[in-house]
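In: make a model of this:
(chains A and B)
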2 protein chains.
Amino acid sequence: MSRVYNFSAGPAVLPEEVLKEAAEEMLDYKECGMSVMEMSHRSADFQQIIDDAEADLRDLMGIPDNYKVLFLQGGASTQFAMIPMNFSKTKNGVADYIITGQWAKKAYQEAKKFINAKVVASSEDKTYSYIPDCSDLDIDDDADYVYICENNTIYGTKYKTLPNTKGKTLISDVSSCFLSEPIDVSKYGVIYGGVQKNVGPAGVVIAIIREDLIPTEELADVPTMLQYKTHADKGSMYNTPPCYNIYMCGKVFKWIKAQGGLQAMKEKNEAKAKVLYDFLDSSKLFKGTVVKEDRSLMNVPFVTGDKDLDAKFVAEAKAAGLVNLKGHRTVGGMRASIYNAMPIEGVQKLVEFMKKFEEENS
Amino acid sequence: MSRVYNFSAGPAVLPEEVLKEAAEEMLDYKECGMSVMEMSHRSADFQQIIDDAEADLRDLMGIPDNYKVLFLQGGASTQFAMIPMNFSKTKNGVADYIITGQWAKKAYQEAKKFINAKVVASSEDKTYSYIPDCSDLDIDDDADYVYICENNTIYGTKYKTLPNTKGKTLISDVSSCFLSEPIDVSKYGVIYGGVQKNVGPAGVVIAIIREDLIPTEELADVPTMLQYKTHADKGSMYNTPPCYNIYMCGKVFKWIKAQGGLQAMKEKNEAKAKVLYDFLDSSKLFKGTVVKEDRSLMNVPFVTGDKDLDAKFVAEAKAAGLVNLKGHRTVGGMRASIYNAMPIEGVQKLVEFMKKFEEENS
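Out: Numbers count the residues shown, from 1 in each chain, chains lettered A, B, ... in the order given. Okay, the predicted model is just below:
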């Protein structure tokens, strides 16, 4: 067996140790005689799995006690509707969105179906290659929340400082920077993300919500499954959760703890990103597409400026075991996603390959 | 390693061969150098996985070309809202529900949030221990559909003939009898089910929908993710699907084909159920809770009539490697779920154990 270096933007590389454990436990989890896939979600064994996952996540992120941790389904795309329906529609019905990429824009467009969603800043003018100055935005006095997508998977940007929301609740989609570095949860009202980039197999969204934001009454015209209250009241087990996916997330949490936690992950991620960005800054052939100060540690888009050469690079890299480097169609060129589970050796191999390619093609 | 006989109502037993294959492929799927969990949903490898899964399901069930097959998230509980929102709210806003258990009732209660849902028959008067006569119901002239839950997991009943809907569209939740026997798809407008009983790991719902029922226009006030059109237009890949769960379902479809398809499954399931029902009909200690003609092939509730003895049975059975036999709290006693993946040896062992228990406790 030969594992490749997988630079996919998501679903993405998972820690090899985690996959090995999962394979070993597939037919018999901890001598209970069955797979986690076969286990009743109402069993003591599964309750322990989900409890441990939540406890480890709380520990890793330092989640305060007044925040709920929910394991949900339907992807970030379902959150795009749940957020305005739960946090604004029955309040002022106004929310402010900062548009730094396709996913923030989709969240905004979905919110407009239910509330008066407004754009207070955008970097669409330059293909989202930077994060707008958010130090003094025209936040609405009656905004129920301010919404951001904190790391932009497609464009490779990340907020280095959170927006000044002028006291309004901050809601952040952290899908592609989840657990990549320490954050101060108390600065957010809601943090949520699809797990399929840094945390586990697609099929779970984790939402971390300050309790006072969750509606205390049922919302009459909102589907039961789209009400955070439904899931908060039942410990994410109102109905059968995606048990196996949650189990895998739990394994990744334990792996991150074993790596030294989020501060250690940050240092590793910075070291990995530095290898690639330093090369991009010195290369005559390749160049990054993002304003330096807004560069993501997770997603690194780059181009040669020549479409045919880009395609040649992607094909030759694949043949060399460096896969999924094709950029998103809206940016073109290449993109290397270097999430937590990508070892530094993968990034070093990529840079070696880029150097060789540059020599051969200049 | 010692595998138990797992009579869980869901998530439930999966074929051992399928779990073994999954374990073997965990780190490297077909020499692509990565796990299916790590694979971009936009990759050719994953497209092949979902295409094969759909093709095998179409083949197994004989799904006509004018039906879409969708892989969705959120469980049956999300379908409870999607069904009235998509199939009735913008039409007549009236639908008829037949209540044969907790899940049909929940579907009805959720529908009432969005449309004028009516109960046209119910077996609630006798703890849902039978299927009502549905040959001549008072179906509304303007009903957009008639809704049933075809196999009732908790109560152990199943429709042996479909209701006379008087020409109205039939929508059926088949979660707990999915792929347990051949059905005539063309008799239904919509067939859907959570996969976590007969098909795969929790986290996927499969919906089989006659194309003409899917709204052709976007629904203004319905979340994008709750519109069947969204998923139908994008081959279930509007957003990242639960890839690994779909991959496992695909493996189970191939396993069922290798078993001989749905007619062979039906014969095996009938043989298994006969072993248990024949014993229940002859036992002086145990008795089934369901009217004979409405008995499910999948879920078999039974009681001793003595709560303490029931608890003793469940505990001793567990110690003997026959697990998850405790009945649902609304029925009490025991329930053996004997889905496709339960081998006949498991049912034989259960009956042997019941005989021994009866001798020891009479």
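In: CA atoms for contacts and neighbours, from now on please.
Out: OK.
In: what are the phi and psi angles of the residue lying closest to residue A:5 once chain neighbours are set aside?
Out: Take residue A:5 and drop its neighbours on the chain: the residue closest to it by CA to CA, 6 or more residues apart in numbering or on different chains is residue A:322, 5.0 Å away. With angles defined as degrees, to the nearest 10, residue A:322 shows backbone torsions of phi -110, psi 100.
In: ok, now residue A:70?
Out: Main-chain torsions, residue A:70, degrees, to the nearest 10: phi -120, psi 140.
In: give me the nearest residue to it, chain neighbours excluded.
Out: Closest to residue A:70 by CA to CA, 6+ apart is residue A:207, at 5.1 Å.
In: what bridges to that neighbour?
Out: As for beta bridges, residue A:207 partners with residue A:70, residue A:192 under DSSP bridges.
In: residue contacts, it?
Out: By CA atoms under 8 Å, 6 or more residues apart in numbering or on different chains, the contact list for residue A:207 reads A:68, A:69, A:70, A:71, A:72, A:190, A:191, A:192, A:193.
In: do residue A:71 as well
Out: A:204, A:205, A:206, A:207, A:236, A:241, A:246 are the contacts of residue A:71 under CA under 8 Å, 6+ apart.
In: what distance do you get for it to residue A:57?
Out: Using CA to CA, to the nearest Å, residue A:71 is found at 11 Å from residue A:57.
In: likewise for residue A:287?
Out: 36 Å.
In: where does the residue lying closest to residue A:15 once chain neighbours are set aside sit: helix, strand or coil?
Out: Nearest residue to residue A:15, sequence neighbours excluded (CA to CA, 6+ apart): residue A:341, at 5.0 Å. When classified by DSSP: H, G, I helix; E, B strand; the rest coil, residue A:341 comes out as coil.
In: my read: residue A:341 touches residue A:14, true?
Out: Yes: using CA atoms under 8 Å, residue A:341 makes contact with residue A:14 at a distance of 5.3 Å.
In: where do the contact lists of these two overlap?
Out: residue A:198.
In: so which residues on the stretch 1-150 of chain A come close to chain B?
Out: Taking CA under 8 Å from any CA of the partner chain, the part of the stretch 1-150 of chain A that reaches chain B is made up of A:1-4, A:6, A:8-14, A:16, A:19-20, A:22-24, A:26-28, A:31-35, A:37-41, A:73-75, A:77-78, A:81, A:110, A:113-114.
In: of these, buried ones?
Out: In these, burial by neighbour count holds for A:4, A:6, A:8-14, A:16, A:19, A:22-24, A:26-28, A:32-35, A:37-41, A:73-75, A:77-78, A:81, A:110, A:113-114, counting by 16 or more other CA atoms under 10 Å in any protein chain shown.
In: among those residues, which are in strands?
Out: Among these, DSSP state E puts residue A:6 in strands.
In: what about stretch A:246-258, distance to the chain center?
Out: Chain-centre distance of stretch A:246-258: 15 Å, with CA atoms, centre = their mean, to the nearest Å.
In: so which bits of it are buried?
Out: Buried residues in stretch A:246-258, counted by 16+ other CA under 10 Å: A:246, A:247, A:248, A:249, A:250, A:251, A:252, A:253, A:254, A:255, A:256, A:257.
In: run a quick neighbour tally on residue A:316.
Out: By other CA atoms under 10 Å in any protein chain shown, 14 other residues sit near residue A:316.
In: which is the succeeding secondary structure element to the host helix or strand of it?
Out: Element membership for residue A:316 (DSSP states H and E) is helix A:307-319. Per DSSP H and E, the first helix or strand lying C-terminal to helix A:307-319 is strand A:322-323.
In: quick one: name the residues of the stretch 201-350 of chain A near chain B.
Out: Counting by CA under 8 Å from any CA, the residues of the stretch 201-350 of chain A near chain B are A:201-203, A:220-221, A:223-225, A:239-244.
In: before we move on, the earlier item: got the confidence number for the residue nearest to residue A:5?
Out: Looking at residue A:322, its pLDDT stands at 98.
In: spit out the contact partners of it.
Out: Residue A:322 neighbours (CA under 8 Å, 6+ apart): A:4, A:5, A:6, A:7, A:346, A:350.
In: quick check: the fourth one touching residue A:341?
Out: No: assessed by CA under 8 Å, residue A:7 is found out of contact with residue A:341, at 10.3 Å.
In: settle it for me: which of these two has more neighbours?
Out: The neighbour comparison of residue A:7 against residue A:341 (other CA under 10 Å) goes to residue A:7, with 27 against 21.
In: show me what contacts the more buried one?
Out: A:13, A:322, A:323, A:324, A:325, A:335, A:336, A:337, A:338, A:342.
In: at 10 Å what do you get?
Out: A:13, A:299-300, A:322-326, A:335-339, A:342, A:346-347, A:350, B:38, B:40 (CA atoms under 10 Å, 6 or more residues apart in numbering or on different chains).
In: what do you get for residue A:351?
Out: Residue A:351 sits next to A:275, A:276, A:277, A:278, A:279, A:280, A:345, A:357 when contact means CA under 10 Å, 6+ apart.
In: and the longest helix seen in chain A, what other elements does it pack with?
Out: For chain A, the longest helix by residue count, based on DSSP state H, is helix A:261-282. For helix A:261-282, the elements it packs on are helix A:44-61, helix A:243-259, strand A:287-288, strand A:299-303, strand A:334-337, helix A:344-360, judged by 3 or more CA pairs under 10 Å, 6 or more residues apart in numbering or on different chains; DSSP states H and E.
In: possible to save those as TSV with mean pLDDT?
Out: Formatted as TSV, those follow (pLDDT from 0 to 100):
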stretch	mean pLDDT
helix A:44-61	98
helix A:243-259	98
strand A:287-288	96
strand A:299-303	97
strand A:334-337	98
helix A:344-360	98
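In: as JSON lines, the ones you listed with distance to residue B:49 would be great.
Out: Formatted as JSON lines, these follow (distance: least, CA to CA, whole Å):
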{"stretch": "helix A:44-61", "distance to residue B:49": "28"}
{"stretch": "helix A:243-259", "distance to residue B:49": "18"}
{"stretch": "strand A:287-288", "distance to residue B:49": "34"}
{"stretch": "strand A:299-303", "distance to residue B:49": "27"}
{"stretch": "strand A:334-337", "distance to residue B:49": "23"}
{"stretch": "helix A:344-360", "distance to residue B:49": "27"}
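In: specify the stretch among these that is closest to residue A:312.
Out: Closest to residue A:312 of those is helix A:344-360 (CA to CA; 9.6 Å).
In: for that closest one, list every residue counted as buried.
Out: Neighbour-count burial for helix A:344-360 flags A:344, A:346, A:347, A:350, A:351, A:353, A:354, A:355, A:357, A:358 (criterion: 16+ other CA under 10 Å).
In: pLDDT at the nearest residue to residue A:160 once chain neighbours are set aside, what is it?
Out: Sequence neighbours aside, residue A:294 is the residue nearest to residue A:160 in space, at 6.7 Å (criterion: CA to CA, 6+ apart). You'll see residue A:294 listed with a pLDDT of 98.
In: surely residue A:294 is in contact with residue A:158?
Out: Yes: Residue A:294 is within contact range of residue A:158, at 5.5 Å (criterion: CA atoms under 10 Å).
In: the more surrounded of those two?
Out: More crowded of residue A:294 and residue A:158, by other CA under 10 Å: residue A:158, with 26 against 18.
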